[in-house]
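Participant: Below are the sequence and a predicted model; questions follow.
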Amino acid sequence: MNDFAANFFNLQILARVWPLLLTGLTTTVLLSIVIVPAGLTIGMLVALLHSFRSYGLRWAMIIYVDLFRAYPPLVLLIYVYYGLPFFGIDTDAFWSVVLALVLNTSAYFAEVFRAGIEGIPSGQVQAARATGLGGLQTMRYVVLPQAIRNMLPDLLSNGLESVKLTSLASVVTLPELLRAARLAQGNTVNATPLIAASLMYLAFLWPLVRLTTRLERRTLSAR
Amino acid sequence: MQTFSSNFLNWDVVQTYLPDLLAGMWVTISLAAIILFCGLLGGTGLALVRMARLRLLNAVIIVFVDVVRALPPLMLMVVAYFGLPYLGVRLTGFAVACIVLASVLAAFTEELLWAGLSTVSVGQYEAARSTGLTFLQMMGSVVLPQAFRLIQAPLASRIIATTKNTALASVVAVPELLSQANTAQGYSGNASPLTAASLGYLVILLPMVVAARRLERARGAI
């Protein structure tokens, strides 16, 4: 039992690696605050393409979404990270991660927005237009306010998934939280840093998980 | 353009490593099959146990589900692969990938199914019981089919996500498709094996994604 505490909950070790873990946490947070808003914005733009009544745009959107839903983000990341230098593009690990994860996560957000917009009955749009609102006004005052309420659980759980995905950055040696924990574990020959990093993730993400569960339940019982 | 095709679409390089890549694809498929089977079964089991409404047991299930949903799967795999040996437990990468990814799928399945089960109307349960069905018969032939119908779309995207996550096993030294492609790319100094692996993943996953889209459409039509 003593062995267990010394190897997994060792406070001396924790004190030693704490600064390294904090730097890792900062990078994880930084990655998240770049990737989630970028993914949301691009996802919304892609979904708007779908609401134009053009067959070509609609198919382009479906292919974009399905391609990135089918393509494992880790493979995409490695392809971007090791592939771009062959083009003579100098890839920084941070921006490779941002590029790969934004491509991946924007496809998911696009699908959520599309489903949300399509879920609004067409009578709403027709009524709005009949009262003299323009196309953009209809989107802004009638469709989006209703759609966003329905989409909230899915948007939240996608956001959560993209934050979790930032841990993939460790594979291309970007020292975010997971990578920092691995380095610390190697230096100290002790599992405490891994446990500490897990607890850090939990502290940030558990409240989000609880919130998602509650919102999802509310949507399902409203159906 | 020349450099693009010789670096990314070089058939000679792919051909050299094709046996390795195919072996990797086979590992990916078997990994996915084991994980999907255990995860779906485990998640259904957990949801059924939760139906018994034993307070302590339910608390354990809820904490397990939340923790596994909150942590990145790669973090869990790293803890299991690099952390457990300090306890004298040494698992192979394959076992770690199976246990971790199946647990993650089980957690998501339990969560979805539990929500689905609470949505099936009480009358269905009562009617099934009053016709003389046992608890398991009621679940198996009346309630579970309806619950699974309600959650089929989100469950399908979870199954796809789990299959994609098998690529994480490359981090714990499982010689699956991505790992083989990465090694080949390192040896040959050429990105074509990664292109081939990408195609391999799309061959496995695109049919699943298209099928999932069909399911969503079908549900939307009702």
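Facilitator: Nice, I can see it.

Participant: which element follows the helix or strand where A:Val163 lies toward the C-terminus?
Facilitator: A:Val163 belongs to helix A:144-165 when assigned by DSSP states H and E. Later in the chain than helix A:144-165, the nearest helix or strand by DSSP H and E is helix A:177-188.

Participant: What are the buried residues along that following helix?
Facilitator: Buried positions in helix A:177-188, judged by neighbour count with 16 or more other Cβ atoms under 10 Å in any protein chain shown: A:Leu177, A:Leu178, A:Arg179, A:Ala180, A:Ala181, A:Arg182, A:Leu183, A:Ala184, A:Gln185, A:Thr188. The way it works is simple: take the backbone N, C-alpha and C, and place the C-beta from them, glycine included.

Participant: Quick one: those as CSV, columns for pLDDT and distance to chain B too.
Facilitator: Shown next, in CSV, are the buried residues of helix A:177-188 (pLDDT from 0 to 100; distance: Cβ to the nearest Cβ, whole Å):
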residue, pLDDT, distance to chain B
A:Leu177, 95, 8
A:Leu178, 95, 5
A:Arg179, 94, 10
A:Ala180, 94, 12
A:Ala181, 95, 8
A:Arg182, 93, 6
A:Leu183, 93, 12
A:Ala184, 93, 11
A:Gln185, 93, 6
A:Thr188, 91, 11
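
Participant: sorry, back to before: the helix holding A:Val163: which residues count as buried?
Facilitator: A:144, A:147, A:150-165.

Participant: Where is the longest helix in the chain?
Facilitator: As the question left the chain open, I've gone with chain A. The longest helix of chain A (DSSP state H) is helix A:11-51.

Participant: not quite, I wanted chain B
Facilitator: Chain B, longest helix under DSSP H: helix B:11-51.

Participant: contacts for whichever helix or strand comes after that one?
Facilitator: Going down the chain from helix B:11-51, the next helix or strand is helix B:55-70, by DSSP H and E. If you take Cβ atoms under 8 Å, 6 or more residues apart in numbering or on different chains as the criterion, helix B:55-70 is touched by A:201-202, A:205-206, A:208-210, A:213, B:46, B:49-50, B:76, B:103-104, B:106-108, B:110-111.

Participant: Kindly recompute the last result at 10 Å.
Facilitator: Contact partners of helix B:55-70, identified using Cβ atoms under 10 Å, 6 or more residues apart in numbering or on different chains, comprise A:157, A:160-161, A:163-164, A:198, A:201-210, A:212-213, B:43, B:46-47, B:49-52, B:54, B:76, B:100, B:103-111, B:114.

Participant: lowest average confidence, helix or strand, in the chain?
Facilitator: I'll assume chain A. Using mean pLDDT, DSSP states H and E, the weakest-scoring helix or strand in chain A turns out to be helix A:2-8, at a mean of 81.

Participant: Count the residues that sit near residue 131.
Facilitator: You didn't say which chain, so I picked chain A. 10 (other Cβ atoms under 10 Å in any protein chain shown).

Participant: That was the other one, I meant chain B.
Facilitator: Applying other Cβ under 10 Å, we find 10 residues neighbouring B:Thr131.
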